[in-house]
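Novice: no sequence for this one, just the structure:
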């Protein structure tokens, strides 16, 4: 799907501003916990009852437990149906295909709860971590939350094989995808419903790599991920096939890494999420994002200058100074525009890439005029300058051209279009049904209380 990848482009889908979820409503669950299962007829009933009892005793909001059956072939559907019939807080849904990711996508996409979570059926994670997991999402502080078995304060009991695989996998994620979260595979995660509605369509995997991919994309899009240290006890009867799961995960890492490298993922659909980012605030005399853009531009510029000088020295061996300068500038300008597009100004995807390159070539022409003019002036002044003198003059000319290049890139090639969202005809993100219903009820109750307040009588 092609999207406008310019910052704040018309096809961007900014998420609604974070807000504390309203309290007081009892007809819609605040939390929907999904338990994906496959052939769990023995453990399902005691685990669901234990989770239900814990929520009744400790959770201050209405909740729902959804059993997502991944094409079980034993008595799991029968047990799940009995649990759903016995409690109004328990629901049962069946999928005819296996895959934890497929189950989470199906249930989360259809849920009306503003906070969505999932946990493994064995309840290896201590349930006392559940409220700390979802509290930052309810308060509006965070967008996703994960349990971490690798945090320093976590208390974990498991064998050396699983410990080695878990730590090795997370090291791979850090090294290859630059992930900063500590534990991708802990079966204890939560996400806000409005975030899931935009993020889930970007996640391709339907198996065990699903939540890893979701976390990587969320992190790259600038969403806030809250980590909760957990107490975790390994289930010795787990049916997870470690080798096959590890192989599928590595394939997923390669696929996502390749997509991120070439800009194939439309992360611009999550551009500048939520709109309450303090970096988005317009302060008098402080252009938005200027400091970060300057740092990125300087890094790209230093590397581009080095690349340009190497090209110039190479081309100079078989051509004159003017031809070598033009060729070196042309090649380095294309690379410079692409690097600044992605790294300095945060434009992702292929949309409008050719237009940006064309505009970059205009900027290149201005730089060419400055540097070529400097070389011509040097030749007229000294006749036959040395190679080191030519390089010194080119560096000075490039410094002057660099300042002009940054101003043109920022104001013309990659302008900040975030202000477009403030236009009267810009479509606003619709509030969730939960928040809208609550707001209407709150307004009605306020009007009723106001009408019956004796202080308002005349």
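Specialist: Nice, thanks for sending it over. Nothing here was measured: the structure is a model prediction, and the numbers come from that model.
Novice: so what touches stretch 299-307?
Specialist: 332, 335, 336, 339, 340, 343, 344, 395, 398, 402, 405, 406 (CB atoms under 8 Å, 6 or more residues apart in numbering). Heads up, the C-betas are built off the backbone N, CA and C, glycines and all.
Novice: if any of those are buried, give me the PyMOL selection for them.
Specialist: Listed next is the PyMOL selection for buried residues among those, using 16 or more other CB atoms under 10 Å:
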select buried, resi 332+335+336+339+340+344+398+402+405+406
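Novice: closest to residue 128 among the contacts of stretch 299-307?
Specialist: Sorting the contacts of stretch 299-307 by distance to residue 128 puts residue 343 at the head of the list, at 42.6 Å, by CB to CB.
Novice: centroid-nearest residue for the protein?
Specialist: Here the mean C-alpha position of the chain is nearest to the C-alpha of residue 218 (CA atoms, centre = their mean), at a distance of 2.0 Å.
Novice: gap between residue 166 and residue 181?
Specialist: Per CB to CB, to the nearest Å, residue 166 is found 13 Å from residue 181.
Novice: what about residue 132, neighbour count?
Specialist: Using other CB atoms under 10 Å, residue 132 is surrounded by 14 other residues.
Novice: now swap in residue 259 and tell me
Specialist: Other residues within reach of residue 259 by the criterion other CB under 10 Å amount to 16.
Novice: which secondary structure state does it sit in?
Specialist: For residue 259, the secondary-structure state derived from DSSP: H, G, I helix; E, B strand; the rest coil is helix.
Novice: give me the pLDDT for it.
Specialist: Residue 259 is assigned a pLDDT of 82 by the prediction.
Novice: do the same with residue 202
Specialist: Turning to residue 202, the model gives it a pLDDT of 88.
Novice: quick one, phi/psi of it?
Specialist: Residue 202 adopts backbone torsions of phi -90, psi -10, taken as degrees, to the nearest 10.
Novice: quick check: closest non-adjacent residue to it.
Specialist: Closest residue to residue 202 in three dimensions, ignoring its sequence neighbours and counting by CB to CB, 6 or more residues apart in numbering: residue 217, at 5.5 Å.
Novice: pretty sure the one you found contacts residue 265?
Specialist: Yes. Counting by CB atoms under 8 Å, residue 217 sits close enough to residue 265 to count as a contact (6.8 Å).
Novice: what is in contact with these two at once?
Specialist: Counting by CB under 8 Å, 6+ apart, the residues touching both residue 217 and residue 265 are 202, 256.
Novice: number of nearby residues for the residue nearest to residue 202?
Specialist: A total of 20 residues lie near residue 217 under the criterion other CB under 10 Å.
Novice: shouldn't it be within a strand?
Specialist: No. Under three-state DSSP, residue 217 sits outside any strand and is assigned helix.
Novice: next one: it from residue 324, what distance?
Specialist: Note on residue 217: its distance to residue 324, by CB to CB, is 44 Å.
Novice: likewise for residue 247?
Specialist: The spacing between residue 247 and residue 324, counted by CB to CB, is 50 Å.
Novice: do residue 246 as well
Specialist: Counting by CB to CB, the gap from residue 246 to residue 324 is 51 Å.
Novice: who's in contact with the residue lying closest to residue 157 once chain neighbours are set aside?
Specialist: Of all residues not flanking residue 157 in the chain, residue 233 sits nearest, at 4.7 Å (CB to CB, 6+ apart). Residue 233 sits next to 124, 156, 157, 158 when contact means CB under 8 Å, 6+ apart.
Novice: and for residue 413?
Specialist: If you count contacts by CB under 8 Å, 6+ apart, residue 413 has them with 337, 356, 359, 360, 363.
Novice: any idea how far it lies from residue 356?
Specialist: For residue 413 relative to residue 356 (CB to CB), the value is 6 Å.
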